[in-house]
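sequence-free structure coming up:
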């Protein structure tokens, strides 16, 4: 029905760009992934000082080429979907836009400080790598276990925060400026560093009383790390039972994914999906 | 019966201040929470040096306003309860008093050192945030799991302490003053820092023998972190079975909370609770 | 029968010193524990430099008093048992001897270095605190869980050691002397510090390749910490089923403890235990 | 049948060198293990600077003796197997070759830098210690649990990596060069150090915003450490059910091990195994 509004070439394009059930769709995903990884690598290396000069020239050129390709992909994505607005304002749509945007802006603006910050935005492309997690069933189970444990973990983190605030203030009063506890927020920062067993060592207690309280905080942190473990462990064991089978189809209308194998209509907008049965029905 | 000693307006006030079942009670809790968070934030920021001067003036004024409001709340709490002594000497009653007390004291006493310490007491208000955990069922389960594991965790911490004392003394004898192991308590402090995998790095072994023993301590700490995890995990799995349903009512006589939904009398003092059925019976 | 070789007053003494079923036995244990804690505290504080002079005099006097009391206790223990050799060469017998020995030796030897080391031996008394764990049932379960997991944990620690040796050597080759990786053993030490997530920061990689490998080691250590947790968790769940009931009786012949409530003969030497039924049979 | 191609003395040698079911085979394994441990120890100590000169001479001589013995063992291993190529290109075959190779090379090449690196290759012998894990049943269960959890742990580590990339870039932009965040890769390195709760302290945030984000990263790392624990715990509980019984036999043809007790033919190449029943059939 309203499927008709997509021309056959658009349907084909949608299949390639948004889905991964056909060989062409899979290849598109793989090539795209390689470009993203290369792009992310270049952005990262560009920030390293002291490399030979020609490298930076290469990074610059490569970035322009990749950004042009991503711009092309962005335009194709807009063309191959019925309601482009749905894509533009989706999370990945915004990431795609923000990732190609900065390089064009550098043509207009000049000034090294703001420039560096803007160019780093290209690293947001790394989020698109997350999209391939749809290939990995395990990722689904992990996400599910974390989703189930969220309220419990939030309560736990809340408790950690309260402890940090009390203990951080106490340490600020005991230790004072000489040991680096120059303010209550710094005391709280130190307490989080200690309670999570990270222990940078940039701020450390020097008075005997401070070290005594630090010992209590450390042992407390060492003991309560067991709490999230118990929580996630139970949640993870639960997810082991129900494992839904998902496919990689995306709705041609609103580009939502996560459809069941047997789904014929999109769970979000109700539009007909691009299943084989629907293909046989399309003109 | 003895419910009669609370006048209707006191009953109403009790419902608003101590309970959260009515819309007014909920609003009171939310507003109070916001004021506490703001107050805690101001106390923390006040300790930061180097902010523009007007900020400190603002913090000062804001603290006076908030403290006056908290004083008003404290008086209302005393008025709306039958046995004010029960509230005054309860944990939250003491916290409330200690939190408003210091600012008034600064009017009498002068001297920056003691002043700073006293003002920091206002941060104790953070404990009152804990009261909102009564809204969160998960908090109850967590507390229950920790309560069940307490004897086991104490045994475990006791073992950690004995290990730290033996190993700390050993390191003090091996390493000596140059590495920072200037006394046995410091050696024990270092050992706790290491065993809990915090690892500040303010004191580190430099002799080969010291580093060898440090390696053993670290591997030991890495291995026995599994013990509390196993303990809490089992306890947490147990609490998953029985989940009691609680409400937010507080006894109008002794302000104990944690009553069952169907409770008519307080579990602590036996006084009639403020349930709907009791309301219909009150004059 | 051979019970007859202990005179009644010896039996009484044995009951008080070695057992904790009678009020007198319990009081003896508690007083002893307090003296041990005080003694350990004094030894620890004595090592702290910079305290007022009279304190050290007090520590010295207190240590002499406590050591004389412990000597008296040691002699009484020898008197109240049928086969003193069994006690002398038991673990706690040796600890008791080593703990009172050093102070007497300081009368003979002089020389501050060796003296300090010797006096620190008195801290071994801390081991005797472990004896009170017989009051705590949980300690038994923990020990049982650890005993069950021992072979698995040893395999795990062995794997950790092999990884540390390979990675430590690698880091030594990559980083070299400037970063503090001055030898392979130091590299291994660093690797254990990193793998166990302690992270002192006394030695840190500075080359990009070294930091890359360090990242892999850290993520590996973060991931495999789950292994001992899984092991102990399973073992701990197992011990939850069978919980033996123990009493605090010690054999009057060989001083072995851990007898069942219903035991009449010692499980180690077969001698008659000091149970009520055996008392009614003694002359 | 094709078993006939191994002469009786070769069969005997194969039994001693490759297997551990006979007393001679067990002794060979133990002696070899001691030599490996000694060799690894010497290589490690050789890298320590500042030892007395004669020690280095001793290490040098010992290394030559051990290397000659390992060369002999290598030749015997080639002789005692039907298809030497299978051994040469197996993992342990390559380790054995690489471990004896470098010392001979030092006769040809001179130059301290490359020399040190080459000699360190001898430490690869440590891998051969892993071979003794075939004696330990627990090692099998651990490996199985890790194998089962691999896909899930990879997904988890992938998530950790993505978080590190985003947070590392963010910290690079916020903190800048002064705090040590000189490039995005360094920011990512710092983020991994923090997220895994290692916390070296070589790079630490100094701006309030940086410390705030660092706090979030630390709490996140503290919370998600529960995920691999839950994964491995579940996998480990699964392996507790099926425990296969293995023997130490190795195929005389391709030297594969891990055969069942009742196996008559190699599971890899189908060649007849060296079981008692096959021995009675051999001439």
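Ah, there it is. Bear in mind the structure is a predicted one, so any value in this text is a computation, not a measurement. Numbering: from 1, shown residues only, chains lettered A, B, ... in the order given.

quick one: low-confidence parts of chain A?
Regions of chain A meeting the criterion pLDDT under 70 cover residues A:1-5, A:110-117, A:130-140, A:230, A:233-234, A:236-251, A:254-283.

number of nearby residues for residue A:34?
Other residues within reach of residue A:34, judged by other CB atoms under 10 Å in any protein chain shown, total 10. To be clear about C-beta, it is placed using only N, CA and C from the backbone, and glycine gets the same treatment.

which residue, other than its chain neighbours, is closest to residue A:218?
Spatial nearest neighbour of residue A:218, chain neighbours left out: residue B:196 (4.4 Å); criterion: CB to CB, 6 or more residues apart in numbering or on different chains.

from the chain's centroid, how far away is stretch A:172-189?
Centroid separation for stretch A:172-189 versus its chain: 34 Å, with CA atoms, centre = their mean, to the nearest Å.

same question for stretch A:179-199.
For stretch A:179-199, the separation from the chain centroid amounts to 28 Å (computed by CA atoms, centre = their mean).

how far away is the residue located most distally from the centre of chain A from chain B?
Among the C-alpha atoms of chain A, the one farthest from their average position, using CA atoms, centre = their mean, is that of residue A:208, at 43.6 Å. Here the criterion is CB to the nearest CB, to the nearest Å. By it, residue A:208 lies 7 Å from chain B.

give the contact list for that residue.
For residue A:208, the contact set (CB atoms under 8 Å, 6 or more residues apart in numbering or on different chains) comprises residue B:185.

ok, the residue in chain A that chain C sits nearest to - contacts?
Taking CB to the nearest CB, chain C has its nearest neighbour within chain A at residue A:201, 5.4 Å off. Listed by CB under 8 Å, 6+ apart, the contact partners of residue A:201 are B:199, B:200, B:201, B:202, C:200, C:201, D:199, D:201.

what do you get if the cut-off is 10 Å, keeping everything else the same?
Taking CB atoms under 10 Å, 6 or more residues apart in numbering or on different chains as the definition of contact, the neighbours of residue A:201 are A:193, B:193, B:198-204, C:199-202, D:199-202, D:204.

keep only those of these that are in helices.
A:193, B:193 (DSSP state H).

report the central residue of chain A.
For chain A, counting by CA atoms, centre = their mean, the most central residue is residue A:127, which lies 4.3 Å from the centre.

check contacts around that residue.
The contact partners of residue A:127, taken as CB under 10 Å, 6+ apart, are A:36, A:91, A:92, A:94, A:95, A:96, A:98, A:99, D:162, D:165, D:166.

ok, residue A:209 - contacts?
When the contact criterion is CB under 10 Å, 6+ apart, the partners of residue A:209 are A:170, A:171, A:174, A:175.

between those, which is nearest residue B:253?
residue A:170 (34.8 Å; CB to CB).

could you find the closest non-adjacent residue to the closest one?
residue A:213 (6.3 Å).

and the angle from the helix or strand harbouring the one you found to helix B:208-224?
Secondary-structure element containing residue A:213, defined by DSSP states H and E: helix A:208-224. Angle, helix A:208-224 to helix B:208-224, by axes from the mean of the first three to the mean of the last three CA atoms, to 10 degrees: 40 degrees.

so after the helix or strand hosting residue A:77, what's the next helix or strand?
Assigned by DSSP H and E, residue A:77 belongs to helix A:53-79. Note on helix A:53-79: by DSSP H and E, the next helix or strand toward the C-terminus is helix A:84-88.

just to revisit the earlier point, just the contacts of residue A:201: which are in strands?
Where these are compared with strands, as defined by DSSP state E, there is no overlap at all.

I'd guessed residue A:11 sits against residue A:253; true?
No. No contact is recorded between residue A:11 and residue A:253 when judged using CB atoms under 10 Å, the distance being 11.9 Å.

which residues touch residue A:205?
Under the contact definition (CB under 10 Å, 6+ apart), the residues listed for residue A:205 are A:171, A:174-175, A:179-181, A:190, A:194, A:211-215, A:217, B:189, B:200, B:202.

ChimeraX command for the buried members of these?
Applied in ChimeraX, the following selects the buried portion of those according to 16 or more other CB atoms under 10 Å in any protein chain shown:
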select /A:171,174,175,179,181,190,194,211,212,213,214,215,217 /B:189,200,202
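
okay, the residue nearest to residue A:215 when sequence neighbours are not counted and residue B:172: tell me how far apart.
Spatial nearest neighbour of residue A:215, chain neighbours left out: residue B:192 (4.6 Å); criterion: CB to CB, 6+ apart. Per CB to CB, to the nearest Å, residue B:192 is found 14 Å from residue B:172.

kindly report the same for residue A:167.
Per CB to CB, residue A:167 is found 27 Å from residue B:172.

higher neighbour count, these two?
When residue A:167 and residue B:172 are compared on other CB under 10 Å, the one with more neighbours turns out to be residue B:172, at 27 against 22.

can you tell me the element the more buried one falls in?
Secondary structure from DSSP H and E places residue B:172 in helix B:137-175.

buried stuff in that helix?
Of the residues in helix B:137-175, B:137-142, B:144-146, B:148-149, B:152-153, B:155-161, B:163-175 count as buried by neighbour count, 16+ other CB under 10 Å.

and what of stretch A:43-61?
By neighbour count, with 16+ other CB under 10 Å as the criterion, the buried positions of stretch A:43-61 are A:43, A:44, A:45, A:46, A:47, A:48, A:59.

and chain C, is that stretch touching that?
Yes. For a cut-off given as CB under 10 Å from any CB of the partner chain, stretch A:43-61 has contacts with chain C, namely residue A:48.

identify the residues contacting residue A:126.
Shown here is residue A:126, whose contacts under the criterion CB under 10 Å, 6+ apart are A:36-37, A:39-40, A:43-44, A:95, A:99, D:161-163, D:165-166, D:169.

try 7 Å this time
By CB atoms under 7 Å, 6 or more residues apart in numbering or on different chains, the contact set of residue A:126 is A:40, D:162, D:165, D:166.

centre of the chain to the helix or strand hosting it, how far?
With the criterion set as DSSP H and E, the secondary-structure element containing residue A:126 is helix A:126-129. Here the centre of mass of C-alpha atoms in helix A:126-129, compared against the chain's by CA atoms, centre = their mean, lies 6 Å away.

and the stretch 151-283 of chain A, which residues reach chain B?
Contacts of the stretch 151-283 of chain A with chain B, taken as CB under 7 Å from any CB of the partner chain, map to A:151-152, A:155-156, A:162, A:165-166, A:169, A:172-173, A:182-185, A:194, A:197, A:199, A:201, A:204, A:208, A:211, A:215, A:218-219, A:221-223, A:225-227, A:229-231, A:233-234.

quick check: residue A:84 touching residue A:78?
Yes. Under the contact definition of CB atoms under 7 Å, residue A:84 touches residue A:78, with a separation of 4.5 Å.

can you count the residues close to the closest residue to residue A:190 other than its chain neighbours?
Spatial nearest neighbour of residue A:190, excluding adjacent residues (CB to CB, 6+ apart): residue A:203 at 4.6 Å. Around residue A:203 there are 23 other residues, counting by other CB under 10 Å.

which ones are touching residue A:203?
Taking CB under 7 Å, 6+ apart as the definition of contact, the neighbours of residue A:203 are A:179, A:180, A:181, A:186, A:190.

in helices, which of those appear?
Counting by DSSP H, the part of those found in helices is A:186, A:190.

of the contacts of residue A:203, closest to residue C:105?
Checking those against residue C:105 by CB to CB gives residue A:179 as the nearest, at 40.0 Å.

surely the closest one meets residue A:206?
Yes. With contacts counted by CB under 7 Å, residue A:179 reaches residue A:206, the gap being 4.8 Å.

shared neighbours, those two?
Here residue A:179 and residue A:206 share no contacting residue, scored by CB under 7 Å, 6+ apart.

check for me that residue A:21 belongs to a strand.
No. Residue A:21 is assigned coil when assessed by DSSP: H, G, I helix; E, B strand; the rest coil, not a strand.

now do the domain split for chain A, please.
Listed by automatic domain parsing, the domain ranges of chain A are A:3-131, A:141-238.
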